[in-house]
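# Okay, predicted coordinates and the sequence, questions at the end:
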Amino acid sequence: MHRFVATAAFAVAAAVVPVTVTGGASAETTEPTARLLVATTVAPITSIVANIVGDRADVRGIVPEGTNSHTFEPRPSVAELLSEADVVYLNGLMLEEPTRQLAEEHLRDGAGLVELGDRTITEDEYIFDFSFPERDGKPNPHLWTDPLLAVRYAEIVAADMAERDPANADYYAANYDAFADVIDELDAAMREAFATVPVRKLITYHDAYAYFAADYDWEIVGAIQVSDFEDPTPREVADLIEQIRAEQVPAIFGSEVFPSPVLEQIGEEAGVEYVDVLRDDDLPGEPGDAEHSWLGLMVFDYVTMTEALGGDAGALRALDIRNVAPDEADYPQ
Ligand SMILES: [Zn+2]
């Protein structure tokens, strides 16, 4: 496991201070401080990391947008990125097991593997539910749709990057402070908008809002996607239609990444609006657009929920969607 000690030691030294050149030093030791190579997985985490590291490190996402991150298998070519990365930020909570395994096989000694979700909540805070049943052992991994938890991701990244790249520690800390302020504004706007929603009950296809609901006082009436990502059985569908009628929710929510004819049919039969645009790891817009960011994703989803359920999302629509540092990350499409 220590085959690459020399390389790793050099990388750390180079990141800390410019190496003093003495006579006969190899060409390697004359290189200036190198930007660290940071690998991330899903796009919202890539965006959070980009807000912290800005242009001081190279950030590369692994999971292409619009794919099912829960079943994603990285191509063998990802091994090359992982073998060169200084650190890999994963969501963890068993969301990206094939990518984590590939990282463990290929990361060089001294490189980091940081599972943000596992450092954010403890096991007694895991949420298990219909789509993520306890018997399968995988908790609901969607922490980043809850701004109160996403801010912890940013904090962990800022602290970890400061250790790996002390020369830029102040920059990362300042970006974290600015990002935390943005999240405070988002939090306030969400609470203002949600206060106008007559009944805060959520029925979704993809089960991505469990932690959000707990922190923002929403009730998850149901999520429909079963744990193997197949369609629900006719019995489950019938139960759900009954539940929707009983709960009297005016709208149910599909996912942009998981088109669901079944949910559409459920909406028709229950006589409620079917809104099929929510997203959890596919950012709105295109790379380079302001809304192509974690913040843009939050505003998009929570405006959609608020307005479909009869509330006023004005406070959310008024938010300035911005990154606090230049987002130069590579988002695979
Ligand atoms: Zn998801």
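Received the coordinates, thanks. Residues are numbered from 1 along each chain as shown.
# Is Tyr172 within a helix or a strand, and which one?
Using DSSP states H and E, Tyr172 maps to helix 169-194.
# Let me fix that, I meant to ask about Ile203.
Assigned by DSSP H and E, Ile203 falls within strand 201-204.
# neighbouring contacts of that strand?
209, 213, 218-224, 240, 243-244, 247, 249, 252-255, 278, 305, 309 (Cβ atoms under 8 Å, 6 or more residues apart in numbering). (C-beta placed from N, C-alpha, C; glycine too.)
# and Val197, which of the three is it?
Following DSSP: H, G, I helix; E, B strand; the rest coil, the label given to Val197 is coil.
# tell me the contacts of the closest residue to it other than its chain neighbours?
Distance criterion Cβ to Cβ, 6 or more residues apart in numbering; nearest residue to Val197, sequence neighbours excluded, is Gly311 at 3.6 Å. Residues near Gly311 by Cβ under 8 Å, 6+ apart: 193-194, 196-198.
# Distance of Gly311 relative to Ile220?
Computed with Cβ to Cβ, to the nearest Å, the distance linking Gly311 and Ile220 is 17 Å.
# now Leu81: how far from Tyr153?
As judged by Cβ to Cβ, Leu81 and Tyr153 stand 21 Å apart.
# Now list the buried members of the contacts of Gly311.
For the contacts of Gly311, a burial check counting by 16 or more other Cβ atoms under 10 Å picks out 193-194, 197.
# hang on, the earlier thing: neighbour count: Leu81 and Tyr153, which is higher?
Per other Cβ atoms under 10 Å, whichever of Leu81 and Tyr153 has more neighbours is Tyr153, with 24 against 19.
# Hmm, the more buried one is touching Thr120, no?
Yes: Tyr153 is within contact range of Thr120, at 6.5 Å (criterion: Cβ atoms under 8 Å).
# Can you report how many residues neighbour the residue nearest to Tyr171 when sequence neighbours are not counted?
Using Cβ to Cβ, 6+ apart and skipping residues adjacent in sequence, the residue nearest Tyr171 is Arg56, 5.8 Å away. Arg56 is flanked by 21 other residues according to other Cβ under 10 Å.
# Pro259: neighbour count?
Every residue meeting other Cβ under 10 Å relative to Pro259 is counted, giving 11.
# Quick one: residues contacting it.
Contacts for Pro259 (Cβ under 8 Å, 6+ apart) come out as Asp276.
# where exactly do the helices run in the stretch 51-200 of the chain?
78-84, 97-106, 116-120, 147-164, 169-194 (DSSP state H, counting those that start in this stretch).
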